[in-house]
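**Q** below is the sequence, then the predicted model.
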Amino acid sequence: MGLKHESTEIKFPLILRLQLEIHFTLYLKFKQPEHPKPDLPMRYSVLLFFCFFCSCVVKTRQVLQIPRKDESGVIKLYFDREGALYPPDLRINPYYFYLEHLHKRKLAKYSNPEYATLETALTKYDSLSVLAIRQEYKLQDRDSMRLFLRMQDVVRKGIVGDIERNLTQNTTRDLVLFIHGFNDPTPDAFYYSLRKNIEAHLHSKPVFVEVYWDGLTALGDNPVFTNIWSYAQSNSAKVGLGLRNILNKLNTNTRLTIVTHSLGASVATHALFNPGKWPERFQEELEREYHSENIATPKQKDIRIGMLAPAIQGIKVFDHIDYTIPENTAPTITRVIIGFNHFDYAVTKGGLFASYFGSTALGADDKGEVAKTMAAIKEINPKIKTVGVDFSLTRKMDSLTTKKLQRKSPYKQREHGLQFYQQNEHFADFLSALFD
């Protein structure tokens, strides 16, 4: 599906052995209550630094999106890592997207702001694409940067028009968005089954918007050792702002429901408000370079968000749920539904590190994060309906309500994939909480 990756320079088995040895050693040494906040001894710091160095050598794997076949009542949006929209009538040359023509491998990496971005691929090196943009979108400006920004405006307006036209044709004001997570470059089949499940639950057919974004890809390797997690996190914020620039232009009478999986929750929250979870440097970058303080947040009268295994922090994200743009405008989020799982191998990070290395505490309900998050939301706005749906077991067993009891069950759900959450017997409760 138009994906590209580069050869790795570290043998994964070596890293795997080192990582497991470190994690297990640290766990044995610091699991006792007399070490609540340990300072790592020098020998552990050296080992951690070595593993960090090894992971940095491995190249990231960016996703070049290939537009899918159009379907009635379904709008498909494609974003690059900067939150820019793919133009529907142009094809991106992988040669320029991945900077292969430069013959300098050091430039073909995530830290290069031109690598794997639409703006560079379309306007800096590919003269044929520049000509096609001018002709297709009737843009005559000679400045390539303004050309790209103006093209984005035209594409954005076209998408908003398509959404409104589909809502009118389907005689509905229900709009449902799907946002996949990281390391999931081809979620098409999962999106299809989500559509069918929601249509069956509602006994009607809303208009669907499928979001495809560059959450990177491990290409079958273990994502822990491919150095893509932190990059996907920063991508999610930028893509969320790009999505916000569409949602804020839709009719406010639309009932907007967003269903996310994994890191898709980060995309959705950045589309709806300005979370304050980032380190100061990146927070300032979002404000300065990506205009998070200037892009108006959506104002639909009924906005709902349902998150399956959200790979994000809880409290530090949702205690900014009222941070809307412009400031002092009342948020219109009416429901926040959290589908969590005590045994999901991805959000629990093996059961030990849910709150570390890019916190995924909300999806794992680490240390009661779900209840704390819902309480924080209620304190800000008591009118918001908050529900936690426990996906820890694949079957409904009302007697097993705590993690300690659930550990003894043979029906633990350890899988992270979206399809497994749809097959879980608690998925019906999730849909009811979100839609009914």
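**A** That came in fine, so what should we check first?
**Q** what's the next secondary structure element after the strand or helix carrying K76?
**A** Using DSSP states H and E, K76 maps to strand 74-78. Using DSSP H and E, the helix or strand that follows strand 74-78 towards the C-terminus is helix 94-97.
**Q** so which residues make contact with that following helix?
**A** Residues outside helix 94-97 that contact it (CB atoms under 8 Å, 6 or more residues apart in numbering): 2, 4, 64, 100-101, 116-118, 120-122, 124-126, 129. Where you see a C-beta, it was placed from the backbone N, CA and C, and this is true even at glycine.
**Q** assign V389 to one of the three secondary structure states.
**A** Three-state assignment for V389 (DSSP: H, G, I helix; E, B strand; the rest coil): strand.
**Q** helices along the stretch 51-200 of the chain, start to end?
**A** For the stretch 51-200 of the chain, the helices defined by DSSP state H, counting those that start in this stretch cover 94-97, 118-119, 127-137, 144-169, 188-202.
**Q** in the first one, what counts as buried?
**A** By that I understand helix 94-97. Y96, F97 (16 or more other CB atoms under 10 Å).
**Q** same check on the last one?
**A** Judged by neighbour count using 16+ other CB under 10 Å, the buried positions of helix 188-202 are F190, Y191, L194, R195, I198, H201.
**Q** surely the last one meets A433?
**A** Meaning H201. No: the criterion here is CB atoms under 8 Å, and H201 misses it with A433 at 11.2 Å.
**Q** quick one: contacts for S234?
**A** F282.
**Q** now the host helix or strand of it against strand 74-78, angle please.
**A** Assigned by DSSP H and E, S234 belongs to helix 229-247. Interaxial angle, helix 229-247 versus strand 74-78 (axes from the mean of the first three to the mean of the last three CA atoms, to 10 degrees): 130 degrees.
**Q** can I get the CA coordinates of helix 229-247 in CSV?
**A** Extracted in CSV, the C-alpha atoms of helix 229-247 (Å, rounded to 0.1, in the frame of the first residue of the first chain):
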residue,chain,number,x,y,z
TRP,A,229,6.6,5.4,19.0
SER,A,230,7.8,8.9,20.0
TYR,A,231,7.6,10.2,16.4
ALA,A,232,4.1,8.9,16.0
GLN,A,233,3.1,10.8,19.2
SER,A,234,4.3,14.1,17.8
ASN,A,235,2.7,13.3,14.5
SER,A,236,-0.7,12.8,16.2
ALA,A,237,-0.7,16.3,17.6
LYS,A,238,0.0,17.9,14.2
VAL,A,239,-2.6,15.7,12.4
GLY,A,240,-5.1,16.6,15.1
LEU,A,241,-4.7,20.3,14.3
GLY,A,242,-5.1,19.5,10.6
LEU,A,243,-8.3,17.7,11.3
ARG,A,244,-9.5,20.5,13.6
ASN,A,245,-9.2,22.9,10.6
ILE,A,246,-11.9,20.8,8.8
LEU,A,247,-14.2,20.1,11.7
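**Q** partners of the helix or strand following that helix in the sheet?
**A** For helix 229-247, the following helix or strand on the C-terminal side (DSSP H and E) is strand 255-261. Under the criterion DSSP bridges, strand 255-261 sits next to strand 174-179 (parallel), strand 302-308 (parallel) in its sheet.
**Q** now the helix holding S234: average pLDDT?
**A** In this model, helix 229-247 has an average pLDDT of 96.
**Q** coming back round to it: looking at the strand holding K76 now, give me its mean pLDDT.
**A** Averaging pLDDT along strand 74-78 gives 97.
**Q** number the residues from 364 up from this point.
**A** Got it, the first residue is 364 from now on, which makes the last one we talked about strand 437-441.
**Q** buried residues in that strand?
**A** Residues V437, I438, K439, L440, Y441 are the ones in strand 437-441 that count as buried (16+ other CB under 10 Å).
**Q** chain center to that strand: distance?
**A** Here the centre of strand 437-441 is set off from its chain's centre by 16 Å, with CA atoms, centre = their mean, to the nearest Å.
**Q** nice, that's everything, thank you.
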